[in-house]
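Engineer: mind folding the following:
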Amino acid sequence: MISVPDFGLQGRVALVTGAGTGLGARFCHVLASKGAAVVATARRADKVEAVAAAIRAVGGRAMAVSTDVTDTASLKAAFDAAEQTFGLVDVVVANAGITHADRAHEMTDETWRRVLATNLDGVYYTAREAAARLIAAKKPGSIVAVASILGYGVAKGVSAYAVSKAGVVQLVQALGLEWAFRGVRVNAIAPGYFVTDINRDYLTEGMGAQMR
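Structural biologist: Residues are numbered from 1 along each chain as shown. Below you'll find the model as predicted:
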């Protein structure tokens, strides 16, 4: 188990997208362990409910909401549900993301749009919804987007993913500049390779295993 630095989030309400598995689920558990009420969101209701149930089982506060980050109405409903249960969301981890394995000259329009819509549009829509509510309430908050090392460098076969994550890096800087004076901090983390559900097959065999 990775040790987590000591910090307190008592009284805070944290919403995590892409929270059903992998890093998103881990973020939920850590936030809850530090005292935050956690709202776990993802498209698969069963996955996020399992995460929320595990948090509640050890005495934490958590709820699950099935959410599609590419759908602004779905996001609004998630934030509404969070407010009704726990109060204003003042911590957001925009983690939802997907990847692909396609050579650029063979990639379909649908794949390009699906990856950009989830990884970049979804971060913007999530951050915008959170910030609009915080600014209206005149409350400070923190938004953390999950970028990637591929936002700074590229690899073969993941051009749409790399472009989407590079967009997240630039988006976070733009939003941070706009909202800092309102008390809303916007930052990103850029993880390297962690074995999760979306990359387990790749990282456990062939070239992926060699790279790891």
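
Engineer: now I143: which helix or strand?
Structural biologist: Using DSSP states H and E, I143 maps to strand 141-146.

Engineer: so which elements touch whichever helix or strand comes after that strand?
Structural biologist: Next helix or strand after strand 141-146 toward the C-terminus (DSSP H and E): helix 159-179. Applying 3 or more Cβ pairs under 8 Å, 6 or more residues apart in numbering; DSSP states H and E, one finds that helix 159-179 makes contact with helix 109-116, helix 122-137, strand 141-146, strand 184-189. Quick note: C-beta positions are derived from backbone N, CA and C, even for glycine.

Engineer: a markdown table for those, including mean pLDDT, mean neighbour count and distance to V16?
Structural biologist: Listed next are the helices and strands packed on helix 159-179 as a markdown table, based on pLDDT from 0 to 100; neighbours: other Cβ atoms under 10 Å; distance: least, Cβ to Cβ, whole Å:
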| stretch | mean pLDDT | mean neighbour count | distance to V16 |
| --- | --- | --- | --- |
| helix 109-116 | 96 | 14 | 20 |
| helix 122-137 | 98 | 20 | 10 |
| strand 141-146 | 98 | 23 | 9 |
| strand 184-189 | 98 | 18 | 13 |
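
Engineer: what's the closest of those to G176?
Structural biologist: Across the helices and strands packed on helix 159-179, G176 has its closest neighbour in strand 184-189 (3.9 Å, Cβ to Cβ).

Engineer: before we move on, back to that, just the angle for the strand holding I143 relative to helix 122-137, thanks.
Structural biologist: With axes from the mean of the first three to the mean of the last three Cα atoms, to 10 degrees applied, the angle from strand 141-146 to helix 122-137 works out at 180 degrees.

Engineer: from the chain's centroid, how far away is strand 141-146?
Structural biologist: In this view, strand 141-146 has its centroid 9 Å away from the chain centroid, taken as Cα atoms, centre = their mean, to the nearest Å.

Engineer: now do the contacts for the residue positioned nearest the centre of the chain.
Structural biologist: Nearest residue to the geometric centre of the chain (Cα atoms, centre = their mean): N95, 1.3 Å. Contacts of N95 were listed using Cβ atoms under 8 Å, 6 or more residues apart in numbering, and they are V16, T17, G18, A19, L23, G24, F27, V146.

Engineer: ditto for W112
Structural biologist: With contact set as Cβ under 8 Å, 6+ apart, W112 has these partners: A160.

Engineer: again, but for H29
Structural biologist: Applying Cβ under 8 Å, 6+ apart to H29 gives the contacts V51, A54, I55.

Engineer: low-scoring stretches of the protein, by residue?
Structural biologist: 1-5, 198, 212 (pLDDT under 70).
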